[in-house]
Structures are given as structure tokens and as C-alpha cells.
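Chemist: Any chance you could fold what I've pasted below:
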Amino acid sequence: MNGTIAFRCRAKPFHMTDLSSFPITRKWPAQHPDRLQLYSLATTNGVKISIMLEEIGLPYEPHRVGFDTHDQMSAAFLSLSPNNKIPAILDPDGPGGRPLGLFESGAILLYLAEKAGRLMPQDAAARYETIQWLMFQMSGIGPMFGQVGFFHRFAGKAYEDKRPRDRYVGESKRLLAVLDRQLDDRAWIMGDDYTIADIATFPWVRNLIGFYEAGELVGIKEFANVTRALDAFLARAAVTRGLLVPHAPATDEKAKS
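Modeler: From the prediction side, this is the model:
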């Protein structure tokens, strides 16, 4: 890949991979230590990575980080994700064949795209354009849509003063308009090719109009290109599978191969 740090999965040695030096594996033991370990929950940011892993077909083992039991605040989880946010991964076959732990969904998407050599343009200019749209989601769509959810569905809905809600609704509409214009003459954010920019973005659009129940509030029907691309995204088999990971404690059956 031009100007990238792409690397490929290598054949594993005959001995079992040792992940015991990572404290997180004491709370979530690896049944398959030769596979990438995913620590997540089926939230908007969490499913970005399970969808990505399903798309590229990389073997992985999912572990549920339960918010109801405050797993994200445990010392074990913080040892891998110091910002106490999901998702996080532990790849036993990182660069140079050494284990690598990562947190932050955007960084993980970039890492997996380069590891697999997929869902990221090989052309250097197009690669950076994809990254800019990934950053658009991380810095704009995620935070703004999340605030709409707080003020429309969760605790913030009890506030009598609707100016905070309306501020985030207005900014979300603006961001949807930006995305809609980008999709006006193309199937996906980057054109004909589906990329990590789409994997990052469309779970948030789905959440805004689904779980947050804010579709009417933001006027989603005005953004026909966005809803068309969202439907195409949700029709992908890998997306259907990834949206359900992890929904229960990991077992051998849930470890993907």
C-alpha cells in the first residue's frame, strides 16, 4: 500500500500464544489466545469493530464488557483501555509478531484495515480522504448525535429548557446535510467502494433514528441519500452479524472463526 504500514496475518507457530502478561486476560480469559481478542458491547461504537472484523473475516474472540456490572471501570479493563471506554482489542499477532493492545474505535478501524489490507484505498490521496471522513464521524457525528440522544431520550429530556437539545439537534441536522451532499452521486462515502468511513458512520445514523428515536426530530426524511446508504449498509451480511456482537458472555460458539 502506498505510504501505509500495511502488514498481513502470518501463519501461527505450533505453540500456543501467551497473553498472560496482559492483566485484562485474567478477568476475561482467552479460550483462543491465537485469535484477536475483542472487549466490547453492542453499542454504537462497539459494533464498529465487530462489523469490521466480520467484514474482513479475521478470527476473533469477543468478550462482553458489561456496563451493568461496571466492567469498564475494572482495573483489568483499564489496563488496556485507560479511558474506560469500549471497544478495545488485544491482537496476539501485532506488528513484528508481538501482541498489541489498542483502544479508541477509530484507531482500531485504521489498524485492522491496514492489517487486512482491506476497506481502505491503496491510493495515498484516497487513503487520506477516507481518514478525513473517519475523523468527521469521530469528531462530529458521534459527539453531536450522542448529545441528541441524551437530551431527547435519556436524563436530559426532563430539562424544561430545550435550548441545549435544540442546539445539538441543529448541529446534527447540519452534519446530516454534509453527509447527504457527499453521498449525492455515490453509493458510499468514498464513492463506489465501501470503506471504514462507512463502518464508522452508519451505526451512528442507525442509532440516531432507532435507539435514540430522534429521526423525526432531526428531519431524517430530508436526507434521502443518507437513508438510502443506511439501508444498503444494514443489508450487508457482515453488518447483520456484527450488530449482535457481543450480546452475551463469550463462549466457544461466539468466538468467530
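Chemist: so where's this protein shaky on pLDDT?
Modeler: Within the chain, the stretches with pLDDT under 70 are 1-16, 248-257.
Chemist: Show me where the stretch 51-200 of the chain has its helices.
Modeler: Taking DSSP state H, counting those that start in this stretch, the helices of the stretch 51-200 of the chain run over residues 75-78, 105-116, 124-136, 142-152, 163-182, 196-209.
Chemist: can you list those helices in CSV and add distance to R26 and mean neighbour count?
Modeler: C-beta coordinates here come from the backbone N, C-alpha and C atoms, glycine included. Listed next are those as CSV, based on distance: least, C-beta to C-beta, whole Å; neighbours: other C-beta atoms under 10 Å:
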stretch, distance to R26, mean neighbour count
helix 75-78, 6, 16
helix 105-116, 22, 22
helix 124-136, 33, 17
helix 142-152, 31, 21
helix 163-182, 40, 17
helix 196-209, 30, 25
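Chemist: Indicate which one of those is closest to I56.
Modeler: Smallest distance to I56 across those (C-beta to C-beta): 4.2 Å, for helix 105-116.
Chemist: Can you spell out which helices and strands pack onto the closest one?
Modeler: helix 44-56, strand 88-91, strand 100-103, helix 124-136, helix 196-209 (3 or more C-beta pairs under 8 Å, 6 or more residues apart in numbering; DSSP states H and E).
Chemist: Give the pairing partners of the second one; include direction for each.
Modeler: According to DSSP bridges, strand 88-91 forms sheet pairs with strand 36-40 (antiparallel), strand 100-103 (antiparallel).
Chemist: ranking those strands by burial, who's on top?
Modeler: Of all those, strand 36-40 carries the top mean neighbour count, a mean of 27, counting by mean count of other C-beta atoms under 10 Å.
Chemist: follow-up on the earlier one: which among the helices of the stretch 51-200 of the chain is found nearest to E222?
Modeler: Nearest to E222, of all the helices of the stretch 51-200 of the chain, is helix 163-182, at 8.0 Å by C-beta to C-beta.
Chemist: List of residues touching the closest one?
Modeler: For helix 163-182, the surrounding residues in contact (C-beta atoms under 8 Å, 6 or more residues apart in numbering) are 133, 136, 140-141, 144-145, 147-148, 151-152, 156-157, 159, 189, 201, 205, 208, 214, 217-220, 222-226.
Chemist: Need the helices and strands packed on helix 105-116 in a markdown table (columns: distance to R181).
Modeler: Shown next, in a markdown table, are these (distance: least, C-beta to C-beta, whole Å):
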| stretch | distance to R181 |
| --- | --- |
| helix 44-56 | 23 |
| strand 88-91 | 33 |
| strand 100-103 | 32 |
| helix 124-136 | 12 |
| helix 196-209 | 14 |
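Chemist: looking at these, which is closest to P82?
Modeler: strand 100-103 (7.4 Å).
Chemist: thinking again about what came up before, any chance of the strands paired with strand 88-91 in CSV with distance to I89 as columns?
Modeler: Compiled in CSV, these are given as follows (distance: least, C-beta to C-beta, whole Å):
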stretch, distance to I89
strand 36-40, 6
strand 100-103, 5
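Chemist: Please identify which of those is closest to P87.
Modeler: With C-beta to C-beta as the measure, strand 36-40 is the member of those nearest P87 (3.9 Å).
Chemist: Pull the distance from that closest one to the chain's centre.
Modeler: Centre-to-centre, strand 36-40 and its host chain are 12 Å apart (C-alpha atoms, centre = their mean, to the nearest Å).
Chemist: try stretch 127-145
Modeler: On C-alpha atoms, centre = their mean, the centre of stretch 127-145 falls 12 Å from that of its chain.
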